[in-house]
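Undergrad: Need coordinates for the following:
(one chain, ligands or ions: 2)
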Amino acid sequence: MAVIEFDNTRRLDIIPLGRVAIDFNPVDLNKPLEESTTFKKYLGGSPANIAVGMARLGKRVGFIGKVSDDQFGRFVTNYFKKEGIDTSNIAVAQNGESLGLTFTEILSPSESSILMYRNGVADLALATEDIQEEYIKNAKAIIISGTALAASPSREAALLALEYAKRHKTVVIFDIDYRSYTWKATEELLVYYSMVARSSDIILGSREEFDFMESNPGSTDQQTADRWLACGNKIIVIKHGKAGSTAYSHDGGVYKIKPFPVQSLKSFGGGDAYASAFLYGLMAGWPIVDCLEFGSGAASMLVSSHSCSDAMPRVEEIQEFIRQKKAEFGEMVARA
Ligand SMILES: Nc1ncnc2c1ncn2[C@@H]1O[C@H](COP(=O)(O)OP(=O)(O)O)[C@@H](O)[C@H]1O
Ligand SMILES: O=C(O)C[C@@H](O)[C@H](O)C(=O)COP(=O)(O)O
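TA: Ligands and ions are numbered 1, 2, ... in the order given. I've put the predicted structure just below:
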């Protein structure tokens, strides 16, 4: 009996909901953003990166979001089309809202941060009228990005999508995706994050993101997992950056993995690749320990890449990466 049952009769495998944006990553690395002069433009936005990641892994991917009515909005929509991602439910902003822009600062391979330009951003203009019940009914799963809860009307749109998913037994994955720039007050975060977390089937987040959501720093991974499994979640994944990740299942499974050693180029992008590959394994019916390994492998590949979207790997690339790393370093995960 799989930990999560997906309805394999549905047209789409997965629909991420939230922002699609643009990343500008410096070509002149290892210096403060003030000094960077040359950038490479990539599709960005965690839920969009996950959409690309899962499409690269051969899944049938949709998307629910809103883009700007300009060249940047067309860039990201065209990029999705080239990747084979369904764009029928991507709305176009009508009131001059802009696409989110993320400028990256890569001070060193282990010190990087992002500067997000998100005033008047199109993705938070997603509204309830943009949410189609049939679209969600015909998907095995949706991923709700936490940042979509940061402001109205996107907040209500995301909650309506959640309602439709619960109504039609579409698996709900909550990617905490905490971006401080987008929230006005921590209390709001607590209300809306916990509302979604209590109704989801899987929660993905870094240790810090769970601490924010629980407003209770210092919890152990087991305490965090116990809390959210008790609400009805089936799987909790807690990411610890270069310290690896853990996963807990409602049947009592506990899984820990060290990351595959790589020369990191930036400290982010791993989470989106991780989510894509982990969910690919889950949809394939793999044991959670193998999903964890596959997600961790993809994540390590992305932190050693310049982009968080273009570099999303294919199945055989992740498999070969893991094979080579295990040959060199041995097992990264304790197998029963
Ligand atoms: N320096 C690194 N070397 C290898 N893998 C890494 C490194 N940093 C992150 N990862 C991988 O990426 C995953 C997600 O990274 P993390 O920073 O925890 O989440 P997010 O990218 O979502 O903020 C980690 O659990 C780990 O598997
Ligand atoms: O999430 C954003 O809007 C920026 C992303 O495009 C960026 O690549 C990033 O920060 C990835 O986040 P992570 O995978 O959660 O580290």
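Undergrad: Which residue does the stretch 1-150 of the chain have closest to ligand 2?
TA: Scanning the stretch 1-150 of the chain for the residue nearest ligand 2 gives Gly44, at 3.0 Å (criterion: Cβ to the nearest ligand atom). Yep, even glycine has a C-beta here, placed from its N, CA and C like the rest.
Undergrad: Quick check: phi and psi at that residue.
TA: Backbone geometry at Gly44, expressed as degrees, to the nearest 10, gives phi -150, psi -180.
Undergrad: got the residue ranges for the helices in the stretch 151-300 of the chain?
TA: For the stretch 151-300 of the chain, the helices defined by DSSP state H, counting those that start in this stretch occupy 154-167, 186-197, 207-214, 221-229, 270-283, 288-303.
Undergrad: what's the nearest residue to Gly271 if we skip its chain neighbours?
TA: Lys239 (6.0 Å; Cβ to Cβ, 6 or more residues apart in numbering).
Undergrad: what does the model give the one you found for pLDDT?
TA: Reported pLDDT at Lys239 in the predicted model: 96.
Undergrad: Please apply the same query to Ala185.
TA: For Ala185, the predicted pLDDT is 83.
Undergrad: next one: Ala157
TA: 98.
Undergrad: Can you give me the neighbour number for it?
TA: Neighbour count of Ala157, defined by other Cβ atoms under 10 Å: 26.
Undergrad: Then the one 4 residues further on?
TA: Here the count is done by other Cβ under 10 Å, and Ala161 has 27 residues near it.
Undergrad: Give the full set of residues in contact with it.
TA: Ala161 makes contact with Leu17, Ile64, Ile131, Ile136, Ile142, Ile144 under the criterion Cβ atoms under 8 Å, 6 or more residues apart in numbering.
Undergrad: Could you check the pLDDT of the residue in the stretch 201-336 of the chain that ligand 1 sits nearest to?
TA: For the stretch 201-336 of the chain, the residue closest to ligand 1 is Gly271, as judged by Cβ to the nearest ligand atom, at 1.9 Å. pLDDT, Gly271: 96.
Undergrad: What of Ile22?
TA: Ile22 is assigned a pLDDT of 98 by the prediction.
Undergrad: ok so, going back, just the buried ones out of the contacts of Ala161, please.
TA: Among the contacts of Ala161, those classed as buried by 16 or more other Cβ atoms under 10 Å are Leu17, Ile64, Ile131, Ile136, Ile142, Ile144.
Undergrad: Direction included, what does the strand or helix carrying the fifth one pair up with?
TA: Looking back up the chat, that one is Ile142. Per DSSP states H and E: Ile142 is located in strand 139-145. Sheet pairing for strand 139-145, assigned by DSSP bridges, gives strand 12-17 (parallel), strand 171-175 (parallel).
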